[in-house]
Structures are given as C-alpha cells and as structure tokens.
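Enquirer: Structure here, sequence nowhere to be found:
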C-alpha cells in the first residue's frame with residue numbers, strides 16, 4: 001500500500017488520503033495556529049491506517065478489545081449498543097475524523113472540521129459555530145448549525161445506499177452526537193433498524209459474498225429495495241424512529257434525520273436549507 005498523500009485543494013482546504021481513508025480538513029483562526037494545526041494533523045494522519053490494520057481481526061469482532069488509541073475509541077463508541085450486533089468497525093470513519101480533529105484543536109484555532117467521507121468531527125472555540133450540510137433526503141438537503149455551547153461535535157450518515165453495507169433499508173440516516181465516532185455507530189444502528197424484515201421487495205445478500213472480509217460475516221445486507229407502499233415506508237421509519245428516540249433518551253445522540261424515499265423523520269434541531277459550510 002502506498003503512503004499517505006496530503007495535498008492542498010484549490011479552495012484552500014487540506015486533502016488527506018491513505019488507502020481507504022479520505023479526509024477533508026478546514027480550519028479557521030490565527031494563520032500561525034492554522035499552519036501548526038495542519039502540520040500536527042498531517043503528522044498524525046500518516047500513522048493511523050497502520051495502527052488500525054494491525055488490529056483488524058479484533059476490530060471486526062463483537063466486543064473486541066483493541067489497544068490502539070483510535071481503535072479503543074471505536075470500541076468504546078460501539079459498546080453502548082450491545083447486545084445488538086455491532087463491531088468496532090461501525091465507528092471507524094468517525095473515530096478517525098475525531099483523532100485528526102483533536103490534533104487541530106489548539107490555541108488560536110476558532111473553528112475546524114474534519115470530513116471523512118461524510119462523517120464529520122468538529123472543533124469550536126467558545127463563541128463560535130459551524131453550519132454543516134447533512135443528508136436527509138434526495139431533493140432537499142439540510143443544514144444544521146452547531147454552536148460551541150452545544151454538546152454536538154460529531155455528525156455521521158449511514159444507509160444501504162452508502163459506502164458501507166447496511167442490515168436495513170434506510171436511504172440515509174444522519175446523526176448528531178458528542179463525537180463523530182458515537183454518531184457513526186448510532187447512525188449505523190438506526191439505519192439497521194429502518195427495516196421490513198419479510199418484505200418481498202427487499203433483496204439481500206450475505207455480506208461475506210460481497211466483501212470476503214466484512215465484519216458482518218454471513219449476515220444479510222440490503223442490495224435492492226423496490227415496490228414499497230407509503231404504509232411500508234412509514235412502518236420501516238417508525239422502527240428506526242423508535243431506535244433513535246431510545247438512543248436520544250439514553251444520551252447517546254443529540255439529533256437524527258431518517259430518510260426513506262420520499263418520507264423523512266427528524267428528531268432534534270435540523271432545518272431544511274441549502275447545503276454549505278459557513
């Protein structure tokens with residue numbers, strides 16, 4: 001595997017790429033602090049993939065107890081959802097974003113985000129905020145403003161149409177939580193809960209047939225959804241909304257948006273506007 005590639009995008013953001021990890025980093029603040037934050041982020045980024053690869057067998061197991069810093073954050077974020085099936089890999093994208101964001105949270109940086117394929121970690125100094133685009137539908141994306149005084153520092157999205165396999169049928173589930181790792185894990189679990197287990201219009205295949213080393217093993221993952229009535233969609237979203245409400249009551253998430261075309265359910269402060277980072 002080739003080494004980490006770090007490049008400046010035309011708009012000034014930093015692009016960090018290594019194997020399956022693809023991050024976008026943007027910071028605001030004092031120019032000297034920004035330069036130091038980017039140096040720290042770049043230095044840390046170079047070692048993360050090797051750390052995770054060294055513990056992959058543990059990370060692909062339920063209840064795995066890895067020792068690496070990022071791997072331990074993954075395990076901690078997913079442990080909340082046991083005994084439902086979940087492995088630390090459900091939080092990998094968010095945990096990596098959190099780790100890089102921690103490197104840029106230094107004096108002089110007022111705002112920052114690390115976007116790992118849609119799973120986002122935030123840093124906000126007192127008195128500052130960020131407005132982030134999140135996926136809650138096919139036609140009307142949403143924007144949510146996170147303020148320094150809010151508990152939210154992570155945003156993540158999951159669903160059967162995304163880059164990871166899902167046990168459910170949600171087109172997308174976006175979660176706001178205290179960390180990106182926790183948001184990542186919760187989005188996975190809520191997306192799994194949006195489901196109609198016996199519906200003939202849902203096609204599934206063993207995850208291991210699609211990706212030999214998937215942490216999902218032979219569990220059936222969604223590969224196609226068709227023929228749903230409005231009542232079917234509402235029933236599936238009801239199940240996901242029930243899971244999201246439970247996680248919210250337990251303090252695991254701050255907000256969520258669930259989308260199964262053409263219906264959307266939201267829990268918490270999500271507003272429909274044009275997408276952007278302010």
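Expert: That came through, no problem. None of these values were measured; they are calculated from a predicted model.
Enquirer: Which parts of the stretch 151-278 of the chain are strands?
Expert: Shown for the stretch 151-278 of the chain, the strands assigned by DSSP state E, counting those that start in this stretch span residues 154-158, 172-177, 202-206, 220-225, 255-260, 263-267, 271-272.
Enquirer: Quick check: neighbours of the fourth one in the sheet, parallel or antiparallel?
Expert: I take that to be strand 220-225. As defined by DSSP bridges, the strand partners of strand 220-225 come to strand 202-206 (antiparallel).
Enquirer: Can you tell me what sits against the strand it pairs with?
Expert: Strand 202-206 is contacted from outside by 169, 196, 217-225, using Cβ atoms under 8 Å, 6 or more residues apart in numbering. Placement of C-beta: from N, CA and C, glycine included.
Enquirer: And those residues, which is closest to residue 248?
Expert: residue 169 (21.5 Å; Cβ to Cβ).
Enquirer: which stretches of the stretch 101-250 of the chain aren't confidently modelled?
Expert: Along the stretch 101-250 of the chain, segments meeting pLDDT under 70 span 135-141.
Enquirer: neighbours around residue 227, how many?
Expert: 9 (other Cβ atoms under 10 Å).
Enquirer: Now it. Nearest residue, chain neighbours left out?
Expert: residue 201 (3.4 Å; Cβ to Cβ, 6 or more residues apart in numbering).
Enquirer: what are the ranges of the helices in the stretch 101-250 of the chain?
Expert: 180-193, 207-210, 230-249 (DSSP state H, counting those that start in this stretch).
Enquirer: Check the offset of the biggest helix by length in the chain from the chain's centre.
Expert: Longest helix of the chain, by residue count under DSSP state H: helix 31-54. Relative to its parent chain, helix 31-54 has a centroid offset of 20 Å by Cα atoms, centre = their mean, to the nearest Å.
Enquirer: got the contact list for the closest residue to residue 165 other than its chain neighbours?
Expert: Using Cβ to Cβ, 6+ apart and skipping the chain neighbours, the partner closest in space to residue 165 is residue 221 (3.9 Å). Going by Cβ under 8 Å, 6+ apart, residue 221 touches 160, 165-167, 204-207, 210.
Enquirer: With distance to residue 55 and neighbour count as extra columns, can I get those in JSON lines?
Expert: Listed next are the contacts of residue 221 as JSON lines, based on distance: Cβ to Cβ, whole Å; neighbours: other Cβ atoms under 10 Å:
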{"residue": "160", "distance to residue 55": "27", "neighbour count": "25"}
{"residue": "165", "distance to residue 55": "21", "neighbour count": "21"}
{"residue": "166", "distance to residue 55": "24", "neighbour count": "25"}
{"residue": "167", "distance to residue 55": "24", "neighbour count": "21"}
{"residue": "204", "distance to residue 55": "29", "neighbour count": "17"}
{"residue": "205", "distance to residue 55": "27", "neighbour count": "14"}
{"residue": "206", "distance to residue 55": "25", "neighbour count": "14"}
{"residue": "207", "distance to residue 55": "20", "neighbour count": "21"}
{"residue": "210", "distance to residue 55": "23", "neighbour count": "12"}
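Enquirer: Need the max-distance pair from those.
Expert: Counting by Cβ to Cβ, the most remote pair of the contacts of residue 221 is 160 and 206, 14.8 Å apart.
Enquirer: If you count neighbours, what's buried in stretch 83-94?
Expert: Of the residues in stretch 83-94, 86-94 count as buried by neighbour count, 16 or more other Cβ atoms under 10 Å.
Enquirer: before we move on, what about stretch 189-201?
Expert: For stretch 189-201, the neighbour count (16+ other Cβ under 10 Å) marks 189-196, 199 as buried.
Enquirer: nearest to residue 264, of those residues?
Expert: Residue 264 lies nearest to residue 194 out of the buried residues of stretch 189-201, by Cβ to Cβ, at 11.6 Å.
Enquirer: tell me the SS of residue 3?
Expert: At residue 3 the chain is in coil, as set by DSSP: H, G, I helix; E, B strand; the rest coil.
Enquirer: Quick check on it: phi, psi?
Expert: phi -80, psi 180 (degrees, to the nearest 10).
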